[in-house]
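Q: what's the 3D shape of this:
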Amino acid sequence: MPVILAVDQGSSSSRCFVLSAAEPGGHRDRRPPALTVLAAASTEIATALPRPGWVEHDPDEIISSVRRSITAALSAAGASWADVCALGIAAQTETFIVWERGTGRPVYPAISWRDGRAADVCRRLSASGDAAAIRQRTGLPLQSTFSAPKLRWLLDDIDAGQRRADAGELLFGDVNCWLTWQLSGGTAHVAEPSMASRTMLFSLAELAWDPVLLDLFGIPAAMLPEVCPTAGRIAMTDAGIAGGVAPICATVGDQQAALFGQRCFDPGQAKLTLGTGAFLWCQAAGQLPARPPDGVVASCAWQIDGTACYGLEGFVPNAGSVMPWLRSLGVLREGAWPSVADTALTRAAHAGTSGVWCVPAVYGLGTPAWSGPAGADIIGLTATSTAADVGEAALLGIAHQVTDAIDAVGAALPEPLTVIRVDGGMARNDSLLQAIADLCCAVLERPSFAEATALGAGALAGLGAATWDLPAVVGLLSSAVGETAIVEPRLAASERASVRRSWRHIRDRAVSGWRREPGPASS
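A: Have a look, this model is predicted:
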């Protein structure tokens, strides 16, 4: 039975899903094929926090975790590499690796999208007046979330980094690029537009590496991968490395894969992934977005058959990433999750800025503020306050930050966002979804099968392998997501306005205080 492997490599784990690529009744059955999950496996990866504001991963652990997940998933499905007709890879965007061309060995840990060490690089470029040109060429605000400032930092930090890069000894790549290089035995150094557009070195209009930006950041073109389409015959796995031979037929950013998996193909359709961070993506289709509002990111969603689709993103780095922080404070027990009481927002609306509030910006704020400092404030505690109060306030802080991003993206649209499809691990928290729906006044739709990233990566791989065409994929995805739960807003408009006004006051006061404090050490 032919199967597709969908790899979802994230900040906390690498997962592999084995998807059926066969028609349910065999070749004589004229029903459409079913995109069903036969098995899945997950392998956790560690996150290192060597200094305040620094976030790293072990590149070797990333590839080994993917290999182990593939092996375990195939075994659980009772399948082998001989059954694999295509492999699709989705991975965390902006995280990158630099490795030696000759040996394939990384020269530094993978630097995460959550890492803020390049804030000084961004400040220097901003002071030089380069932020507007970067924004115009890339669609990205000048922030250290994106790869180029941190790559500049890395080349300055390691021994002879610039000299080795100029000599062609070092290669740069996003996580998908690293995985494809490794799984192909070092034969394919490639990236595709959804990931390349997050580097701050890529022209969004031309869908190519931008020589002006390469010169601005001092990055030699020899370091960069060849740009290929999102779906197609990209590389072949090496049996000695991957465990078997199969074509890699799609690589894509994880959020872009979720946009595809959630069937957001028409302009204005949006999805919200609640994982380690929160990522709102709104489809702009083939129209290159005009200058979006401050804090909103314009990116390539995917490129298929020579046609690019674009999207607008609102980004919040604090969602599931807040839970380990709460556990380290003793607010949450291991494995426990906070919740929001049904009356919490109504109470907050009437209490104003009194009561317990939390601004859990432990990795910065993201859209729309893009505050440089990373911090957290918990205010309003009394002698009767409990751990549950703090957990609820932190969850509401996440909901408010997500709503900030939804409002910012909505400002760029001709019509407000009234329906948003949700997925990700934190989307299983019903009270969080209700709080977001109440605060943003939009209906949230949560499919019963919420692994949109894996579905998107698998469907794109099927397209790349020419197993299906796009109309067939739309039908496959519609049947694969299953029944949808609907979360409707129920907070009164006056109460919504009141609680949002209080949040903005609390948030802005916290950020103002953080900016008066010294930033994290850098070298």
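Q: Mind listing residues that contact stretch 407-419?
A: 268, 270, 280, 282, 289, 292-296, 312-314, 367-368, 406, 440, 442-445 (CB atoms under 8 Å, 6 or more residues apart in numbering). In short, each C-beta sits where N, CA and C put it, glycine included.
Q: In helices only, show me those residues.
A: If you go by DSSP state H, the contacts of stretch 407-419 have Ile406, Cys440 in helices.
Q: you'd agree Leu274 is up against Ser321?
A: No: applying CB atoms under 8 Å, one finds Leu274 not in contact with Ser321, separated by 11.1 Å.
Q: Those two: who's more crowded?
A: Leu274 (27 against 23; other CB atoms under 10 Å).
Q: Could I get the contacting residues of Ala270?
A: Applying CB under 8 Å, 6+ apart, we find Ala270 in contact with Cys264, Leu280, Trp281, Cys282, Gln283, Val409, Leu417, Val419, Ile420, Arg421.
Q: Quick check: pLDDT value at the fifth one.
A: Gln283 is assigned a predicted lDDT (pLDDT) of 94.
Q: and the gap between it and Thr47?
A: 31 Å (CB to CB, to the nearest Å).
Q: okay, these two: which has more neighbours?
A: Counted by other CB under 10 Å, Gln283 and Thr47 do not tie: Gln283 has more neighbours, with 22 against 16.
Q: just to revisit the earlier point, just the buried ones from the contacts of Ala270, in ChimeraX syntax?
A: Command for ChimeraX that selects the buried part of those, burial taken from 16 or more other CB atoms under 10 Å:
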select :264,280,281,282,283,409,417,420,421
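Q: For Ile97, state which of the contacts of Ala270 is nearest.
A: Trp281 (24.5 Å; CB to CB).
Q: gap between that closest one and Ser13?
A: Per CB to CB, Trp281 is found 21 Å from Ser13.
Q: how about Val84, phi and psi?
A: Note on Val84: backbone dihedrals following degrees, to the nearest 10 are phi -80, psi 120.
Q: quick revisit: export the contacts of Ala270 as CSV, with columns for distance to Tyr108.
A: Shown next, in CSV, are the contacts of Ala270 (distance: CB to CB, whole Å):
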residue, distance to Tyr108
Cys264, 36
Leu280, 31
Trp281, 30
Cys282, 34
Gln283, 35
Val409, 34
Leu417, 39
Val419, 43
Ile420, 37
Arg421, 37
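Q: So which of the contacts of Ala270 sit within strands?
A: Among the contacts of Ala270, DSSP state E puts Leu280, Trp281, Cys282, Gln283, Val419, Ile420, Arg421 in strands.
Q: by contact count, what packs against the particular helix or strand that has Ala41 in it?
A: Ala41 belongs to strand 37-44 when elements are defined using DSSP states H and E. Judged by 3 or more CB pairs under 8 Å, 6 or more residues apart in numbering; DSSP states H and E, the packing partners of strand 37-44 are strand 13-20, helix 59-77.
Q: Of the ones you listed, which is nearest Ala485?
A: Per CB to CB, nearest to Ala485 of these: strand 13-20, 21.3 Å.
Q: Report the strands that pair with that closest one, each with its relative direction.
A: Next to strand 13-20 in the sheet, as set by DSSP bridges, lie strand 3-9 (antiparallel), strand 37-44 (antiparallel).
Q: Can you show me the strands along the stretch 51-200 of the chain?
A: Secondary structure of the stretch 51-200 of the chain (DSSP state E, counting those that start in this stretch): strands at 56-57, 84-91, 96-100, 110-111, 170-174, 190-191.
Q: Mean neighbour count, those strands: which tops it?
A: When the strands of the stretch 51-200 of the chain are scored by mean count of other CB atoms under 10 Å, the highest mean neighbour count falls to strand 84-91 (a mean of 28).
Q: Sheet-wise, list the partners of that one with their directions.
A: By DSSP bridges, strand 84-91 pairs with strand 3-9 (parallel), strand 247-253 (parallel).
Q: Let me know the secondary structure of Ile234.
A: strand (DSSP: H, G, I helix; E, B strand; the rest coil).
Q: still on that earlier bit, could you dump the strands paired with strand 13-20 to CSV with distance to Ile219?
A: Converted to CSV, the strands paired with strand 13-20 look like this (distance: least, CB to CB, whole Å):
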stretch, distance to Ile219
strand 3-9, 24
strand 37-44, 32
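Q: what residues are up against the residue lying closest to Ser11 once chain neighbours are set aside?
A: Among residues not flanking Ser11 along the chain, Thr276 sits closest, at 4.5 Å (CB to CB, 6 or more residues apart in numbering). With contact set as CB under 8 Å, 6+ apart, Thr276 has these partners: Gly10, Ser11, Ser12, Arg114, Ala319, Gly320, Ser321.
Q: Which member of those residues is positioned nearest Leu433?
A: Relative to Leu433, the closest of the contacts of Thr276 is Ala319; by CB to CB it sits at 12.0 Å.
Q: circling back to that earlier point, and of the strands paired with strand 84-91, who's closest to Thr384?
A: Comparing the strands paired with strand 84-91 under CB to CB, the one sitting nearest is strand 3-9, at 43.1 Å.
Q: For that closest one, list the C-alpha coordinates in PDB.
A: Taking C-alpha atoms only, strand 3-9 is exported to PDB below (Å, rounded to 0.1, in the frame of the first residue of the first chain):
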ATOM      1  CA  VAL A   3       2.000   5.800   1.900                       C
ATOM      2  CA  ILE A   4       3.200   9.400   2.300                       C
ATOM      3  CA  LEU A   5       5.400  10.400   5.200                       C
ATOM      4  CA  ALA A   6       4.600  13.800   6.700                       C
ATOM      5  CA  VAL A   7       7.300  15.200   9.000                       C
ATOM      6  CA  ASP A   8       6.500  18.000  11.400                       C
ATOM      7  CA  GLN A   9       9.700  19.300  13.000                       C
END
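Q: And it, what's buried?
A: Val3, Ile4, Leu5, Ala6, Val7, Asp8, Gln9.
Q: Check stretch 462-470 too.
A: Those would be Gly462, Leu463, Gly464, Ala465, Thr467, Trp468, for stretch 462-470 by 16+ other CB under 10 Å.
Q: now those residues in a markdown table, with secondary structure and distance to Phe96?
A: Compiled in a markdown table, the buried residues of stretch 462-470 are given as follows (DSSP: H, G, I helix; E, B strand; the rest coil; distance: CB to CB, whole Å):
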| residue | secondary structure | distance to Phe96 |
| --- | --- | --- |
| Gly462 | helix | 28 |
| Leu463 | helix | 26 |
| Gly464 | helix | 23 |
| Ala465 | coil | 27 |
| Thr467 | coil | 31 |
| Trp468 | coil | 31 |
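Q: Can you say which two of these are spatially most distant?
A: Gly464 and Trp468 (10.0 Å).
Q: Okay, domains of the protein per the record?
A: 3-255, 322-408+494-515 (automatic domain parsing).
Q: tell me the mean pLDDT for the longest one?
A: Read it as domain 3-255. Domain 3-255 carries an average pLDDT of 93.
Q: From one end of that domain to the other, what's the distance?
A: 23 Å (CA to CA, to the nearest Å).
Q: Run the chain-centre distance for it.
A: 12 Å (CA atoms, centre = their mean, to the nearest Å).
Q: Check stretch 261-280 too.
A: For stretch 261-280, the distance to the chain centre is 10 Å (CA atoms, centre = their mean).
Q: Show the average pLDDT along that stretch.
A: What stretch 261-280 shows for mean pLDDT is 93.
Q: again with stretch 351-371
A: Stretch 351-371 comes out at a mean pLDDT of 91.
Q: Show me which residues of that stretch are buried.
A: 355-371.
Q: With that, I have no additional questions.
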